[in-house]
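> sharing a model prediction with you, sequence too.
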Amino acid sequence: MSSGNNLDSLYRQVIMDHYKNPRNRGEIEGDSLTVNMNNPTCGDRIQLQMKVEDGKIADAKFVGEGCSISLSSASMMTQAVKGKTVEEALTLSDIFSNIMQGKDYDEDQFDLGDIEALQGVCKFPARIKCATLAWKAMEKGLNTEEEE
C-alpha cells in the first residue's frame with residue numbers, strides 16, 4: 001500500500017471521527033452571533049453561533065444536519081477558530097478556501113490540525129460546498145459583526 005493510500009485512510013478516519021463525535025455541537029446560551037445557512041444541492045443545513053468578546057471568538061457552536069463532510073468540517077472549524085481573533089479566523093477561512101481550490105498554503109502561517117484531513121475534498125467539486133458551508137457561515141457572521 002502506498003503512503004498516499006495510508007494518508008487518505010487516516011484523513012477518512014479523522015473526518016469520520018468528527019462526524020460521529022462532533023466537537024462544539026450544541027447552542028450557546030445567551031447573546032451570540034447566529035448564522036443559518038444551507039446547501040440546497042445536497043440538503044446540508046447549519047446554524048452557527050459564535051460569541052465574540054474583545055475581538056476574539058470566545059466560543060463557537062453549531063447545530064444542523066447534513067453529510068459527513070459538512071458536519072465534520074463544522075466541527076473542525078469551530079475547534080480551529082475558538083480563541084482566535086476575528087482577523088485570524090477570517091485568514092484561516094481564506095486559507096481553507098484556497099485548500100478547497102487545490103492551492104497550496106503556508107504551513108508556517110497556521111497549524112491546520114484536523115482541517116488538513118479535508119484537503120482531498122478538492123478532488124470532488126460537488127462536495128466543496130459541503131466542506132465550506134460552516135466556513136461561509138462563519139465569514140458571514142464575522143463580517144456582519146465588523147460592520148456594526
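Cool, the structure landed. Numbers count the residues shown, from 1 in each chain.

> and the longest helix along the chain, what does it pack against?
Looking across the chain with DSSP state H, the single longest helix is helix 125-147. Packed against helix 125-147 by the contact rule (3 or more CB pairs under 8 Å, 6 or more residues apart in numbering; DSSP states H and E) you find strand 33-39, strand 44-53, helix 68-81, helix 86-100. Where you see a C-beta, it was placed from the backbone N, CA and C, and this is true even at glycine.

> can you lay out the ones you listed as JSON lines showing distance to Ile128 and mean neighbour count?
Compiled in JSON lines, the helices and strands packed on helix 125-147 are given as follows (distance: least, CB to CB, whole Å; neighbours: other CB atoms under 10 Å):
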{"stretch": "strand 33-39", "distance to Ile128": "10", "mean neighbour count": "17"}
{"stretch": "strand 44-53", "distance to Ile128": "12", "mean neighbour count": "20"}
{"stretch": "helix 68-81", "distance to Ile128": "9", "mean neighbour count": "25"}
{"stretch": "helix 86-100", "distance to Ile128": "5", "mean neighbour count": "18"}
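
> Leu7 is nearest to which of the ones you listed?
helix 86-100 (14.9 Å; CB to CB).

> so which residue is dead centre in the protein?
Met77 (3.1 Å; CA atoms, centre = their mean).
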